[in-house]
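**Student:** Sequence plus predicted model, see below.
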Amino acid sequence: MKKYSFLFFFLPIIVLGISSTGVGVDKTTASLALPMGIIDIVWINVQSNTITWDFTDIDRNANNPPFPPISFPEYYEPSRPNTRYYQRIRYRVRGILWPTGNWEVTISGSGDPSPACGILLTDIHYGDGAAGTWSSLSTVPQVIASGSGDIGWTNLYQDYRVRLDGDETYTSGSTTVITYMIQIL
């Protein structure tokens, strides 16, 4: 009987040891569900203005010199809308569980106006016209606002102007797209 009691004692240990070491179990793969959550939220609202330069009505904007230009280069602000600021961008950044990290608002253009009219994307400038601060549009996003942490709804105003240098051609309907983007870094 002593022989069998010894077997009853070690048999469960051997069986449990074999099953827990993975004999007959594939241990090369395992699935694990990872819950994901969005912890930062950004909003951006771009006023639905279509910025237009109509050179048959360019004097509608009192900020513009006479057309055609007396000398080159000459700069013209939009004929529509005809008062500053031409574009309003509203944005907000909020961390759900804790304040967000760094964030930025960028501007970029899709490319030269099409159909071609002699005005290039870099001839279109954005900035604060009242302060005389201008930058050329680019297909590479340029930072126009940045910060860190939560920020409530904030307004950002943009003016535009176009540079004429004398090689433009009469073309109706040339357009380009300007993109504003907000992101958490």
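**Tutor:** Arrived safely, thanks for sending. Numbering: from 1, shown residues only.

**Student:** Contacts for the strand ranked longest in the chain, please.
**Tutor:** The longest strand of the chain (DSSP state E) is strand 151-164. Contacts to strand 151-164, defined as C-beta atoms under 8 Å, 6 or more residues apart in numbering, come from residues 43, 51, 53, 69, 72-78, 84-93, 103, 105, 107, 119, 123-130, 134, 144-145. C-beta: built from backbone N, CA, C; applies to glycine.

**Student:** out of these, which are buried?
**Tutor:** Buried members of the contacts of strand 151-164, counted by 16 or more other C-beta atoms under 10 Å: 51, 53, 74-78, 84-87, 89, 91, 93, 103, 105, 107, 119, 123-127, 129, 144-145.

**Student:** Looking at the residues you listed, which are in strands?
**Tutor:** Mapping these onto strands (DSSP E) picks out 74-76, 87, 89, 91, 93, 103, 105, 107, 124-127, 144-145.

**Student:** Check those and tell me the two furthest apart.
**Tutor:** Glu74 and Val93 (39.0 Å; C-beta to C-beta).

**Student:** quick check, nearest of the ones in strands among the buried ones among the contacts of strand 151-164 to Asn63?
**Tutor:** Distances from Asn63 to these, taken by C-beta to C-beta, are shortest for Tyr76, at 8.6 Å.

**Student:** Any figure for the gap between the closest one and Thr50?
**Tutor:** Computed as C-beta to C-beta, to the nearest Å, the Tyr76 to Thr50 distance reads 16 Å.

**Student:** Report the spatially closest residue to Ile124, excluding sequence-adjacent ones.
**Tutor:** Nearest residue to Ile124, sequence neighbours excluded (C-beta to C-beta, 6 or more residues apart in numbering): Leu137, at 4.7 Å.
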